[in-house]
Each structure stands twice: as C-alpha cells, then as structure tokens.
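J.: Mind looking at a prediction? Sequence and model below.
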Amino acid sequence: MTVFRTLAIAGLLLGYAAVTSAQSAVDEIAKYRQQLQDGNPADLWEARGEDVWKQKRGPKGVSLERCDLGLGPGVVTGAYAQLPRYFSDADRVMDLETRLVHCMVTLQGMSLADATKRPFGSGTNRSDFEALAAWITAESRGTKMNVSISHPKEAQAYRLGEKMFYFRGGPHDFACATCHGESGKRIRLQDLPNLTEKAGAQLGYTTWPAYRVSQGELRTFQWRLYDCFRQQRFPELKFTSEASIALTTFLAYNANGAAFNAPAIKR
Amino acid sequence: MADPMRIRAVARDGVVNVKVLMSHEMETGQRKDGAGQLVPAHFIQSVSATHNGKVVLSAQWGPAVSKNPFLEFNFKAGQKGERISVTWVDNKGEQRTDEATIN
Amino acid sequence: MTQPRPLLLVLLFVLGGCATPTELDIAKQAHEVMRASFKETGQATLDRLNQDLAQSACSIPPSTSVNKEIAATIEKENMASIRYPADGKLLGDWKSGERIAQSGVGKQFSDDPKNASGGNCYACHQMSKQEISFGTIGPSLLGFGKLRGNSEAIQRYTYGKIWNAQAYSACSNMPRFGHNGILTEAQIKDLTALLLDPASPVNQ
C-alpha cells in the first residue's frame, strides 16, 4: 500500500518537474534547518554573555548585575519578553541594547562612544552586545511576549514604528512592508514572515537573536533591522537610534502572546 | 586562547550521549579577504574524548568542518557523576581541553 | 534622485481622505525621527529618505494601495518619465540579461558604486525552468514572451515596465529601475531581450 502510494505520488510529481524541483529544494532547506536545531552555536555566545554580565568593567569597575532591564535591578529572567518599554529613570522607551548601553554608561561609567564602539561582531572582533543579548534573551525562552504600549511614550513609539514600517524610500522604493506585508511570499527561497499579521509577527520576532550559519555569528534584533535597511538601500541605521527602537516596539508588540523562542539558528 | 567548549553528557540505559560545541574559526585556507588575499588555513585537525583515562572517541578533522563545530556521539559504560574530557588540536598547534560531569 | 515635495505631500493627504491631522503629524514626526536615526554611508546619502509622490502616497498603512485619483496621477507622472532608447532598438542581449537578472548587488551602502547594479529579478520572480531559487513577491514571468509575442507594442510595454513599473501600476512593489537610475538603458534592453527573445530560457 505504502509502496503503491509512493509510486503514485512519484508519478504525479513527474508531471510537475519545475514545481517539484522548487518544492524539493524547499523541503531540503527545511530538513537542513531541522538538522541545525541541535547544537546551536548560540550557546557559545550565551556562555560569554553571562561572563560579560558578571565581569567588573568600565571606569567604575562594577558588573552589570545591578542593571535594571525593567523587572528590577539584576532581574534577567523574563525581562526580554517585556522589551522595549518605558524607563522612568531615562524618561524614554528603550530596547534591550539601548538599555545595556544606558547601564554601561550609568553603572560602569563608560563613555557613550566606548560603550557603543562595537555593536556587531566579525570574527575575532567580537561584540559584547551580541554575547549579552544571547544570554539575556535565552533567559526569556518560553516566556510569553508581553510588551506594553500603555505609557504615552510607548504608544508614541509604536505609532512611529508603524509609520516607518510602511515608509517607502530610496532608489528601490522599498519599505519593510514590501517584503513583509503579504503572507506566503518568499525572496529567492527564503520564506518571508508577514509582519503585519499576528502569526507572522510572532514567528518573526520571537526567533531573534539568531545564530546565522552563513555568517558564523550571532545576530541581534538591532542587527536584523540594520541589515534589512541596508538591503532596502536606505542609509545606515544608527545603533540604538530612536527609529530602531520605534520599529522594534511596533514589531515586538505585534508578537504579544507568543512564547519567546530564541536564540534561534538560521541559514 | 580559544573560548571554552560547551559539553553536555547524559547517561541513559548504559549509554552516554555527549554533545560538544567548539568555538573555532575553521578557516579553510581557500577564502579570500576583502583585499583579495587568501585567509590562512586555521582549522581543528584532531579531536579526542576520554573517559576514565580511556579514549572513547578519536577523530581526524579537516577544513570541510563548519565554523563553531558541533559534535555529538554516544559511548557505552559511562556512569552518572563521572567525568568526560574532550580535547581538540588545530593545524597551528593550538589546543584546548574541557571537561564535564555526566548527568 | 527624488526631491522632497512637501506641498504635494500635504495635498495628497487631503485628497486621500484617509488622513486626519494627527495621522499627518505622526507621518511628519516619523520622517524627522528617521532623518535623525540614519547616517550617510558611502553612496547611501540621507536624501534617500526624501519621498517623491509615489513613495509618500504608497506609504500609508495598512495597505500600499491608493485611491483612483492618486493612482492615476502617479501613473501619469511616472509614464512621462520613461525614456525610450534614441536608437529605437529595445532588445539587447538576453545572455547578459540573464546575468543582470541573477545579480542582487548595487545601491547598498556596502556596494562599490563603480560596479554595475543588478536587477535581482529572481529575488521576486520565477523566470526560467532551470533556476529553482526564485522568489514569489512578483508574478511568475515564465514564458513571458511566448505568451505575448514580440510585437513593437509588447517590446515598448516590457521596456517601459522595467524602466518605471509605477507608470503601469501605482504603488507596485517593483523598483523603478530606469527612473531611479538603478539600471542603464543597455541593461534594460538586455532584460527586455531576456523576457522576449524566443531563445531565452524564459521562453523555453
């Protein structure tokens, strides 16, 4: 029976050679992703991130262990699932990286320039943010996304982020929505989550940070936005800029209710 | 000095499952940098795992293994609470050994 | 490439009828925040954040479509921008067109502006049977020429569509390759040939 069915399916497939070769490529990619699940090298960043968090650093020689990520000083577990959020001590909305910079400056006494000199790592030039984000976000794995827009500044960030999501510009007329505004689309063979719908926003947001196999690096959500805009042919997005926080607020809020599931591993 | 390995070892029904993540560039020697110069080869050449002084795995690797390699293997007769030790040596002679307790 | 046209932008919001003053305020504010949040790098200058009519009109959520009057205005403006080759020849070399369709480089701040840009057609369109790594943001173009023939009118439409997609369909997702200086006249001829030449893989 099984043999017969397999043969029948094989016959069917032969009739659609072009379609099936594309389909089998998609299946093979799915299989490849499956195989990658075990042994995610993001673990290596997580280990280093915990060290960086606990290390005494900066002119004041203190660790980040008193850094308040929104749930109180030093509370890491579950904190990422509620970011970005409004922080009254800074009177503004901050995402994880922006808050880490704030803590490096206020607690550890670093200058803003020193704290932000390496947002993204490359080979042996490693970024503390990528390590810290790997560890901190891993401490929210399984926690339901629960981002608030009840504070006026949070609501404002959300609305600005929404506008930016649909903003078309540059020589290619691209907006975030060009690639992420419809369901079931892909670019080359890469599936594109529809970030304007609940399911897509949840899938997209809860799987960053991610270890990118093609780069051999762990990448944060700040990097995701930075590199999307590069490919949109926009100018260079500044690390922890207001636009990056607004867009992150928009996307994170839309992912509310889904269990956070990163650091992930991606192509 | 390379970063520590992440080793997880779990004993079940007389078989120990070991998962090892190594932090290594694994340069093939075939790649060119931005200036068109070849990036020198730098990769792990040998890996061995020891349990109670006995080698339970020995492997020869080459440049085809990915950056930040992941290795998983099983061996018999390990007990919960015992130690497993993993060592890699690369083509520049650098090496690293890390240990973990079997859970 | 594009100049800011604040007057048109305001007019647009009024005409569009979908924007309260607060919506307009938010849009303006978002634009200001963006200007402060990006920096010029390489060829990617800050004026890339200045929108023309099509860009601003097609940026209004939740949909990228616009009402009929604005669509007509956008299409008319963009149609007027199409420049056909002086020599009247619209078909180039489809083999070169295939390379252009495969290449996704160009105009990014990480790209060397000395190198020619690609069209990156396969990122969004199925075009040939042998290339299975194609995207689905745009429609399949498999058999494009076979279905439509190779008449002068079809050649002009194909060349014009690649030059400026919004001349035919306001708010199209497709870049305006000629209008915005992404591809040269010769490159667009090559792509036109890729789509229409009976010998091209598109029409096999």
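T.: The structure has been received and is ready for your questions.
J.: Below-threshold pLDDT in chain C: ranges please.
T.: For chain C, the stretches with pLDDT under 70 are C:1-21, C:62-65.
J.: Now the residue of the stretch 51-200 of chain A found nearest chain B. Nearest residue, chain neighbours left out?
T.: Nearest residue of the stretch 51-200 of chain A to chain B: A:Gly123, at 6.6 Å (C-beta to the nearest C-beta). To be clear about C-beta, it is placed using only N, CA and C from the backbone, and glycine gets the same treatment. Leaving aside its sequence neighbours, A:Gly123 sits nearest to B:Glu25 (C-beta to C-beta, 6 or more residues apart in numbering or on different chains; 6.6 Å).
J.: How about the contacts made by the one you found?
T.: Going by C-beta atoms under 8 Å, 6 or more residues apart in numbering or on different chains, B:Glu25 touches A:123-124, A:216, B:42-43, B:67.
J.: again, only this time at 10 Å
T.: Shown in contact with B:Glu25 (C-beta atoms under 10 Å, 6 or more residues apart in numbering or on different chains): A:123-124, A:216, B:2, B:39, B:42-44, B:67-68, B:90.
J.: Around B:Gly93, count how many other residues there are.
T.: 7 (other C-beta atoms under 10 Å in any protein chain shown).
J.: Wait, it touches B:Ser46, no?
T.: No - judged on C-beta atoms under 10 Å, B:Gly93 makes no contact with B:Ser46 at a distance of 11.2 Å.
J.: Contacts only, for A:Glu65.
T.: Each residue near A:Glu65 by C-beta under 10 Å, 6+ apart is listed here: A:53-56, A:73-74, A:76, A:103, A:107.
J.: Geometric centre of chain C: which residue is closest?
T.: C:Pro175 (1.9 Å; C-alpha atoms, centre = their mean).
J.: so where do the helices sit in the stretch 101-250 of chain A?
T.: Using DSSP state H, counting those that start in this stretch, the helices of the stretch 101-250 of chain A run over A:112-115, A:128-138, A:152-165, A:176-180, A:198-205, A:221-231, A:242-254.
J.: who's the residue of chain B found nearest chain A bridged to?
T.: Taking C-beta to the nearest C-beta as the measure, the point where chain B comes nearest chain A is B:Phe70, at 3.0 Å. Per DSSP bridges, residues listed as beta-bridge partners of B:Phe70: B:Leu21.
J.: hang on, the earlier thing: just give the closest residue to the residue nearest to the centre of chain C, not the sequence neighbours.
T.: A:His172 (4.2 Å).
J.: Then the residue nearest to A:Gly123 would be within a strand, right?
T.: No - read with DSSP: H, G, I helix; E, B strand; the rest coil, B:Glu25 is coil and lies in no strand.
J.: Show the pLDDT at it.
T.: We have a pLDDT of 93 for B:Glu25.
J.: anything in the longest helix along chain C near chain A?
T.: Longest helix in chain C by number of residues, with DSSP state H as the criterion: helix C:21-37. Yes - counting by C-beta under 10 Å from any C-beta of the partner chain, chain A is contacted by helix C:21-37 at C:22-23, C:25-37.
J.: what do you get for stretch C:109-123?
T.: Yes - using C-beta under 10 Å from any C-beta, we find that stretch C:109-123 touches chain A at C:109-111, C:117, C:120, C:122-123.
J.: List buried residues within these.
T.: The neighbour count (16 or more other C-beta atoms under 10 Å in any protein chain shown) marks C:109, C:111, C:117, C:120, C:122-123 as buried among these.
J.: tell me the domain ranges of chain C?
T.: C:6-81, C:94-203 (automatic domain parsing).
J.: Name the stretch among those domains that sits most buried.
T.: domain C:94-203 (a mean of 19; mean count of other C-beta atoms under 10 Å in any protein chain shown).
J.: For the stretch 101-250 of chain A, what lies in contact range of chain B?
T.: A:123-124, A:126, A:211, A:213, A:215-218.
J.: Now the two most distant members of those.
T.: Across those, the longest distance by C-beta to C-beta is 18.6 Å; it joins A:Thr124 and A:Val213.
J.: These two: who's more crowded?
T.: Neighbour count, other C-beta under 10 Å: between A:Thr124 and A:Val213, A:Val213 has more, with 18 against 6.
J.: how close does the closest residue to that one other than its chain neighbours sit to chain C?
T.: In this structure, A:Val213 finds its nearest non-sequential neighbour in A:Arg267, 5.9 Å apart by C-beta to C-beta, 6+ apart. Distance of A:Arg267 to chain C, computed by C-beta to the nearest C-beta, to the nearest Å: 12 Å.
J.: any idea how far A:Met164 is from A:Arg267?
T.: Relative to A:Met164, A:Arg267 is positioned 26 Å away (C-beta to C-beta, to the nearest Å).
J.: try C:Ser59
T.: 9 Å.
J.: Need the residues touching each of these two.
T.: A:175, C:27, C:30-31.
J.: what's the closest of those residues to chain B?
T.: So of those, ranked by how close each gets to chain B (C-beta to the nearest C-beta), first place is A:Ala175, at 30.6 Å.
J.: ok, that closest one - how many residues close by?
T.: Neighbourhood size, A:Ala175 [other C-beta under 10 Å]: 23.
J.: If you drop the residues flanking it in sequence, what lies closest to it?
T.: Excluding the flanking residues, the one nearest A:Ala175 by C-beta to C-beta, 6+ apart is A:Arg168, at 4.3 Å.
J.: A:Gly216 too?
T.: B:Lys67 (3.8 Å).
J.: picking up where we left off before, closest one of the residues of helix C:21-37 next to chain A to chain B?
T.: C:Ser37 (27.3 Å).
J.: Closest one of the shared contacts of C:Ser59 and A:Met164 to C:Asn203?
T.: A:Ala175 (32.8 Å).
J.: Please look at the residue of chain B closest to chain A and B:His24 and confirm they touch.
T.: No - contact between B:Phe70 and B:His24 fails when scored by C-beta under 10 Å: they sit 11.2 Å apart.
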